[in-house]
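Asks: Coordinates for the following, if possible.
(chains A and B)
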Number of protein chains: 2
Amino acid sequence: MKILIIGAAGMVGRKLALHLLATGRLGDQAVTEITAFDVVPADLTAGKDGPALTIRAGDVSDDSTVRGLIAARPDVIFHLAAIVSGEAEADFDKGYRINLDGTRHLFEAIRAQADYRPRVVYTSSIAVFGTPFEEPITDTFITAPLTSYGTQKMIGELLLNDYSRRGIFDGIGIRLPTIVVRPGKPNKAASGFFSGIIREPLAGVEAVLPVDDDVRHWVASPAAALGYLLHAATMDLAAVGPRRCMTMPGLSVTVAQMLAALADVAGPETAALVRRQPDPTIRAIVAGWPRDFDPGRALELGFTSDASFHEIIRAHIRDTGHEQQA
Amino acid sequence: MKILIIGAAGMVGRKLALHLLATGRLGDQAVTEITAFDVVPADLTAGKDGPALTIRAGDVSDDSTVRGLIAARPDVIFHLAAIVSGEAEADFDKGYRINLDGTRHLFEAIRAQADYRPRVVYTSSIAVFGTPFEEPITDTFITAPLTSYGTQKMIGELLLNDYSRRGIFDGIGIRLPTIVVRPGKPNKAASGFFSGIIREPLAGVEAVLPVDDDVRHWVASPAAALGYLLHAATMDLAAVGPRRCMTMPGLSVTVAQMLAALADVAGPETAALVRRQPDPTIRAIVAGWPRDFDPGRALELGFTSDASFHEIIRAHIRDTGHEQQA
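Replies: The predicted structure follows:
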């Protein structure tokens, strides 16, 4: 089985590639070849006996580049590449070029191949929803994005549904919650503090909380994200019907609940490293984000969420090699 | 005030052009110039004292053609051009080229003009909805189209919302009900019989009804469609918010109610010209169409529906010069 990962240098894409390289399997199939594509070469190394690995760097908005990737006729294509929310808002042309044109090039490159109907796993986002929300947001609520990123992701969902309905490929779209705890350095994303208030204290470093403790958000761990991708790639799509895109089961948790879990798992002195410093700009942005979902379809179709926020923290500690402190 | 109508040779576009030519006004503004664009030259003639009329034919999927239209910087742009449902399903490339690329070219041509923020009135369709439905369908129900046409119209809605949100133009999207009674000859559209069962008997001709009498659908007259367009072009858009596209108020009527109204208005002998000849294919297609809406937002924003199906029939009789027979 040949696998193409578009967006393999990103946090989730790389985690997926590492998993496939290490296990050599996707469901009950052996993985023979992995092509890891991104705008920069992904930091990956093939094992001795595992799948062959090809690392390629390029631009998904370049039609011929995408055709070249599809010419190898991968069996499963993970499409995770995107200009993220902040950058797509700041650079209108770049967002549409990568997120819309790039996705369309991929879908058209597949259509151009005769007798070829791969599985396409597309990562969308809860940014396809915009205020005012119903609460919780169900699977039949209007997708009315309020960012260019959310607009572009939603257009990708519509295209994925239509191309799948017409039998061009077999698509499945998964709307990722905000991923917590993201490893690595703090970044400037407005959502970054959700990871920062866990990651930094666990590393013994002070973290800034720019919003109120009662802010509620929809989150999932990196491990849960990997689980969604693997399930999407292997599940029976005949049961899904024409609405191929759905919200993944996250956890709806408040900042207060996150910090209480941090104190439970790592001790109150660790949780005390979070300093409250309200930021009106971030507060306003976060006020427009969804707080809670009823991801009924995804649950019925076998997607699973993290067990608890405590477990999200423990998994992060295991992944980063930190000692559990309490 | 300069007005551009893209799709001016179609039934609704031409009706709009004729109205503007005859009245010389849009709301409280004088119309000085009308450009009527379509793939074929629209059948229109300027009056002596009315607005200047330019008739142009071309392809909206040609970028430079669209830039040429926008170079004149019209104040109001009506975008009605589309490959319709059946053809967009039969010709995948043509549907995406005209309905998606054409719309994007238009929006990009506007963005390319400095210091220019026209009003854009975009006609969408209830085809943006797909089964299973809530009933009635409200303004917060998911738009999950089941045709390529509906997909393309919905992508246009998303783009219109995003370009409006970013201040590139001031957009408003109106989802038209099925238009009944369409004048002219019977056509092969699956929805054609909704007009045929009124139009043909009024002309003394037998009409075939391919579905059951209890089939319910969402309809509006050509006059109501003109009313939506004029209101969309003149209403205060500040009250609309970021969700710029909405379902227009139609009438939810069954075939039985349509035929009863026909008997009331034109006599039972006219209604008796409808012959029941079930067609399993059309029955199956129509079973997937929406039956009823709660168009709350459109009503709040001042859009109005036909008074009754009786009135739709009477208006058709007036328009076509037939004598009322009962």
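Asks: My read is that A:Ala315 contacts A:Ser221, right?
Replies: Yes: the pair A:Ala315 / A:Ser221 is scored as a contact, 5.6 Å apart, by C-beta atoms under 8 Å. Where you see a C-beta, it was placed from the backbone N, CA and C, and this is true even at glycine.
Asks: Now do the residue nearest to A:Leu273 when sequence neighbours are not counted against A:Val181, distance only.
Replies: The spatially closest residue to A:Leu273, leaving aside those adjacent along the chain, is A:Pro201, at 3.9 Å (C-beta to C-beta, 6 or more residues apart in numbering or on different chains). A:Pro201 sits 11 Å away from A:Val181, going by C-beta to C-beta, to the nearest Å.
Asks: what does the stretch 151-300 of chain A put close to chain B?
Replies: A:Thr151, A:Met154, A:Ile155, A:Leu158, A:Leu159, A:Asn161, A:Asp162, A:Arg165, A:Arg166, A:Pro242, A:Arg243 (C-beta under 8 Å from any C-beta of the partner chain).
Asks: any idea of the pLDDT on the fourth one?
Replies: What that stands for is A:Leu158. At A:Leu158, the pLDDT value in this model is 98.
Asks: residue boundaries of the strands in chain A?
Replies: Applying DSSP state E to chain A gives strands spanning A:2-6, A:25-26, A:29-30, A:33-38, A:52-57, A:76-79, A:119-125, A:170-176, A:178-179, A:207-209, A:216-220, A:245-247, A:251-254, A:274-276.
Asks: Columns mean neighbour count on top of those, output as CSV?
Replies: Output for the strands of chain A, formatted as CSV (neighbours: other C-beta atoms under 10 Å in any protein chain shown):
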stretch, mean neighbour count
strand A:2-6, 25
strand A:25-26, 19
strand A:29-30, 12
strand A:33-38, 23
strand A:52-57, 16
strand A:76-79, 25
strand A:119-125, 25
strand A:170-176, 23
strand A:178-179, 21
strand A:207-209, 19
strand A:216-220, 22
strand A:245-247, 26
strand A:251-254, 20
strand A:274-276, 15
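Asks: could I get those as JSON lines with distance to B:Leu4 and mean pLDDT?
Replies: As requested, these are exported to JSON lines (distance: least, C-beta to C-beta, whole Å; pLDDT from 0 to 100):
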{"stretch": "strand A:2-6", "distance to B:Leu4": "39", "mean pLDDT": "98"}
{"stretch": "strand A:25-26", "distance to B:Leu4": "52", "mean pLDDT": "98"}
{"stretch": "strand A:29-30", "distance to B:Leu4": "55", "mean pLDDT": "98"}
{"stretch": "strand A:33-38", "distance to B:Leu4": "42", "mean pLDDT": "98"}
{"stretch": "strand A:52-57", "distance to B:Leu4": "44", "mean pLDDT": "98"}
{"stretch": "strand A:76-79", "distance to B:Leu4": "37", "mean pLDDT": "98"}
{"stretch": "strand A:119-125", "distance to B:Leu4": "35", "mean pLDDT": "98"}
{"stretch": "strand A:170-176", "distance to B:Leu4": "36", "mean pLDDT": "98"}
{"stretch": "strand A:178-179", "distance to B:Leu4": "43", "mean pLDDT": "95"}
{"stretch": "strand A:207-209", "distance to B:Leu4": "51", "mean pLDDT": "96"}
{"stretch": "strand A:216-220", "distance to B:Leu4": "43", "mean pLDDT": "97"}
{"stretch": "strand A:245-247", "distance to B:Leu4": "35", "mean pLDDT": "98"}
{"stretch": "strand A:251-254", "distance to B:Leu4": "47", "mean pLDDT": "98"}
{"stretch": "strand A:274-276", "distance to B:Leu4": "54", "mean pLDDT": "97"}
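Asks: Near A:Ser148, how many other residues are there?
Replies: By other C-beta atoms under 10 Å in any protein chain shown, the residues close to A:Ser148 number 27.
Asks: That one contacts A:Tyr96, doesn't it?
Replies: Yes: using C-beta under 8 Å, A:Ser148 is in contact with A:Tyr96, at 7.3 Å.
Asks: Overlap in contacts, A:Ala315 and A:Ser221.
Replies: A:Asp306 (C-beta atoms under 8 Å, 6 or more residues apart in numbering or on different chains).
Asks: Tell me which of the two has more neighbours.
Replies: Shown here are A:Ala315 and A:Ser221; by other C-beta under 10 Å, A:Ser221 has more neighbours (26 against 17).
Asks: ok, the more buried one - contacts?
Replies: If you count contacts by C-beta under 8 Å, 6+ apart, A:Ser221 has them with A:Ile179, A:Val180, A:Val181, A:Asp306, A:Glu311, A:Ile312, A:Ala315, A:His316.
Asks: Quick check: bridge partners of the first one?
Replies: On DSSP bridges, the residues paired with A:Ile179 through beta bridges are A:Ala220.
Asks: Which parts of the stretch 201-326 of chain A are helices?
Replies: In the stretch 201-326 of chain A, the helices defined using DSSP state H, counting those that start in this stretch lie at A:222-234, A:255-266, A:268-271, A:280-287, A:296-300, A:309-320.
Asks: and for the last one, what are the contacting residues?
Replies: When you say that, I think you mean helix A:309-320. For helix A:309-320, the surrounding residues in contact (C-beta under 8 Å, 6+ apart) are A:180-181, A:183, A:198-199, A:202, A:219, A:221-223, A:251, A:253, A:257-258, A:261-262, A:264-266, A:306, A:322-324.
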